[in-house]
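*Asks:* With the input below, show me the fold.
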Amino acid sequence: MNKEKWEQAYRGVERDLGARMRKILAFGLERRDLKVLDLGCGDGIDLEAFRCLGFVGVIGVDLAGSLLRQLDRKRFKVFNADIYAMGIQDASCDVVYGNNVLHHFVE
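*Replies:* Residues are numbered from 1 along each chain as shown. Predicted coordinates for the structure are as follows:
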């Protein structure tokens, strides 16, 4: 996907925090101490939703450093990295949340 299509897809992403929290709750995650990897966390809308819901072990990863720079690094643990190059071990997370990557798969 070229940059123009990527940016257009990103602008179309639902930005409502309440809607994000409802999506997360729909997964039925009972424990708030789960290790969650927010894959493609972007500017942190889902990280904020997890925080508001009381989740404490959430880590964000994104390739877009410009989006990550918008985050308060004191409130969120994030990495500017290629998920494939990170070498994350199997079973090192309880949940991999990839909601913010789905809009990249538009045609």
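*Asks:* So which residues of the chain form strands?
*Replies:* In the chain, the segments counted as strands under DSSP state E are 35-39, 57-62, 77-80, 95-97.
*Asks:* Check which residues of the last one are buried.
*Replies:* By that I understand strand 95-97. For strand 95-97, a neighbour-count test (16 or more other CB atoms under 10 Å) marks Val95, Tyr97 as buried. Any C-beta I mention is one placed from the backbone N, CA and C, and that applies to glycine too.
*Asks:* what's the spacing between the nearest residue to Glu48 once chain neighbours are set aside and Ile24?
*Replies:* Take Glu48 and drop its neighbours on the chain: the residue closest to it by CB to CB, 6 or more residues apart in numbering is Leu17, 6.3 Å away. For Leu17, the distance to Ile24 (CB to CB, to the nearest Å) stands at 11 Å.
*Asks:* Neighbour count: the two, which is higher?
*Replies:* Set side by side, Leu17 and Ile24 show more neighbours around Ile24, with 19 against 13, by other CB atoms under 10 Å.
*Asks:* Surely the more buried one and Glu48 touch.
*Replies:* No - counting by CB atoms under 8 Å, Glu48 is not a contact partner of Ile24; they are 10.9 Å apart.
*Asks:* Please report how far the residue nearest to Glu48 lies from Leu67.
*Replies:* Distance check for Leu17 against Leu67: by CB to CB, it reads 17 Å.
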